[in-house]
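Undergrad: make a model of this:
(one chain, ligands or ions: 1)
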Amino acid sequence: MRAAVVVFPGSNCDRDLAVAFRASGAEVEMVWHKDSALPEGIDMVGIPGGFSYGDYLRCGAIAAQSPICGAVRAHAERGGYVLGVCNGFQVLTETGLLPGALLRNAGLKYICKTVGLKVETSQSDFTSAYNAGDVIDIPIAHHDGNYFADADTIARLQDEDRVAFSYTDNPNGAQADIAGILSPNRRVLGMMPHPERAADAGHGGTDGVALFRALAGALATA
Ligand SMILES: NC(=O)CC[C@H](N)C(=O)O
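TA: From the prediction side, this is the model:
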């Protein structure tokens, strides 16, 4: 698997994401937000967590207009894979690659803790190494993680088995406890929790490793 990790001014989980991809066997290149093209032969684009452009306007709104996001959109439209974590999920909703929006947490506070996540589907190259119904422990760190979409969109996500992860104990007010969703072709995943922060015993948990291993396995044979 060849992965590119996008770096915006204010990204702070870009290296963590690169380390998790590399630990699963991927080759990784870092890509600056001002680049307008991805390196040749990229299978996967990682959009990391952080505070792109200082979270000004809305989280992810300015990043979605950056030159690299045009290339990321084209990559996804060609069937390429994209993983957006936390601020990356916010960027993906702002680009329109995923539906809905991430609103301010219901309690209006930044939340940084490990939460229980239910794996809602194993039917994706991101989640195939889990079983549907598994509960995994993954950290969250956000102030705008409250997933919102209109009722038809929520119903469509559920009917199409596109909710990847839900919270076992909703920390932020997200509709239908949604923590992560898939695109219609199941190759774009946005999630607020950080699997790359649960990818090494030194992190205090390794429940995120299976996501990176599943991807590397799927893309090794793609
Ligand atoms: N860790 C992150 O990616 C933070 C995401 C976003 N800036 C928020 O606080 O909601």
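Undergrad: near the ligand, which residues of the chain show up?
TA: Within the chain, the positions lying close to the ligand (C-beta under 6 Å from any ligand atom) are 49-51, 55, 59, 86-87, 141-145. Every residue, glycine included, has its C-beta placed from N, CA and C.
Undergrad: quick one, what contacts residue 97?
TA: Remark: with contacts taken as C-beta atoms under 8 Å, 6 or more residues apart in numbering, residue 97 is in contact with 72-73, 76, 82, 183, 188, 190.
Undergrad: closest one to the ligand out of those, please.
TA: Nearest to the ligand among the contacts of residue 97, counting by C-beta to the nearest ligand atom, is residue 190 at 11.4 Å.
Undergrad: now do the SS call for the closest one.
TA: Taken by DSSP: H, G, I helix; E, B strand; the rest coil, the conformation at residue 190 corresponds to strand.
Undergrad: sorry, back to before: so which of the residues of the chain next to the ligand are in helices?
TA: Mapping the residues of the chain next to the ligand onto helices (DSSP state H) picks out residue 87.
Undergrad: quick one: least confident helix or strand in the protein?
TA: Lowest mean confidence among the helices and strands of the chain (mean pLDDT, DSSP states H and E): helix 209-220, at a mean of 95.
Undergrad: thinking again about what came up before, make JSON lines from the contacts of residue 97 and add pLDDT to it.
TA: Supplementary listing: the contacts of residue 97 in JSON lines, determined by pLDDT from 0 to 100:
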{"residue": "72", "pLDDT": "98"}
{"residue": "73", "pLDDT": "97"}
{"residue": "76", "pLDDT": "98"}
{"residue": "82", "pLDDT": "98"}
{"residue": "183", "pLDDT": "98"}
{"residue": "188", "pLDDT": "98"}
{"residue": "190", "pLDDT": "98"}
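Undergrad: now for those residues: which two are most distant?
TA: Greatest spatial distance among the contacts of residue 97 (C-beta to C-beta): 73 and 190, at 13.8 Å.
Undergrad: which one of those two has more residues nearby?
TA: Between residue 73 and residue 190, counted using other C-beta atoms under 10 Å, residue 190 has the larger neighbour count: 29 against 16.
Undergrad: please name the nearest non-neighbouring residue to that one.
TA: Nearest in space to residue 190, with sequence neighbours left out and distances taken as C-beta to C-beta, 6 or more residues apart in numbering, is residue 89 at 3.4 Å.
Undergrad: start to end distance for stretch 97-112?
TA: Stretch 97-112 has an end-to-end distance of 26 Å (criterion: C-alpha to C-alpha, to the nearest Å).
Undergrad: buried stuff in that stretch?
TA: If you call a residue buried by 16 or more other C-beta atoms under 10 Å, then stretch 97-112 has these buried ones: 97-105.
Undergrad: return the closest of these with respect to residue 1.
TA: Nearest to residue 1 among the buried residues of stretch 97-112 is residue 97, at 19.6 Å by C-beta to C-beta.
Undergrad: what secondary structure does residue 171 sit in?
TA: Going by three-state DSSP, the state assigned to residue 171 is coil.
Undergrad: for it, give me the pLDDT.
TA: Looking at residue 171, its pLDDT reads 98.
Undergrad: wait, doesn't it sit right on residue 110?
TA: No: the criterion here is C-beta atoms under 8 Å, and residue 171 misses it with residue 110 at 11.1 Å.
Undergrad: so which strand or helix has the residue nearest to residue 190?
TA: Under the criterion of DSSP states H and E, residue 89 resides in helix 87-95.
Undergrad: show me what that helix is packed against.
TA: In terms of contacts (3 or more C-beta pairs under 8 Å, 6 or more residues apart in numbering; DSSP states H and E), helix 87-95 is packed against strand 44-47, helix 67-77, strand 81-85, strand 101-103, strand 188-191.
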